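Colleague: below: sequence and its predicted model.
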Amino acid sequence: MGEALALDAAWLFAALLILLVLAAAGIAARRFLLERGGATVECGLRRPGRSWRLGLASYQLDEFRWYGIFGVSMRPEQTFPRRDLAVVARRPPTEEEVTILGPGRIVAECQLGASTTIDLALAESALTGLLAWLESAPPGSHLGVTR
């Protein structure tokens, strides 16, 4: 009886270990596929009244796409049009934010359209890339007209 119980426990442990390895491989494969498109950075996102979420951001032609770090979908969880996104301020993270986001991040306070705000947590070099991407918009794109 004791041997059977030990054998069942070993099989259960092995199955759990296999599931954990498959989950980790799935997350790594998704990240690899997202980064393969280029212009991808680690980015924390916080909407007003919510807590920080860790993820990856991707600069596309006219959109800033944000993917949750532990998601399974290849579709972005949040999409922000370039013409609506503006960085209005930046600041160092608080001590509490550093424990969540990790060291070396800058918090960029962003305006979306007329009334919505979000916070993005990026490395200094990634923030420079975001600012360059925003400034390199085609002429007239802030008006919704591109040529």
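Modeller: That came through fine. Residues are numbered from 1 along each chain as shown.

Colleague: against I100, how distant is W52?
Modeller: Noted for W52: a distance of 5 Å to I100, by Cβ to Cβ, to the nearest Å. Just so you know, the C-beta spots here come from the backbone N, C-alpha and C atoms, and that holds for glycine as well.

Colleague: now swap in P76 and tell me
Modeller: 21 Å.

Colleague: among these two, which residue is more densely surrounded?
Modeller: More crowded of P76 and I100, by other Cβ atoms under 10 Å: P76, with 20 against 16.

Colleague: and the nearest residue to that one once chain neighbours are set aside, how many neighbours does it have?
Modeller: Nearest-residue entry for P76: R65, 3.8 Å, with adjacent residues in sequence omitted and distances by Cβ to Cβ, 6 or more residues apart in numbering. For R65, the neighbour count with other Cβ under 10 Å is 20.

Colleague: wait, is R65 part of a helix?
Modeller: No: assessed with DSSP: H, G, I helix; E, B strand; the rest coil, R65 is strand; it does not lie in a helix.

Colleague: what are the buried residues along the host helix or strand of R31?
Modeller: Using DSSP states H and E, the element containing R31 is helix 2-36. Counting neighbours by 16 or more other Cβ atoms under 10 Å, one finds that the buried residues in helix 2-36 are R30, L34.

Colleague: give me the next element, helix or strand, following it.
Modeller: Next along from helix 2-36, by DSSP H and E: strand 40-46.
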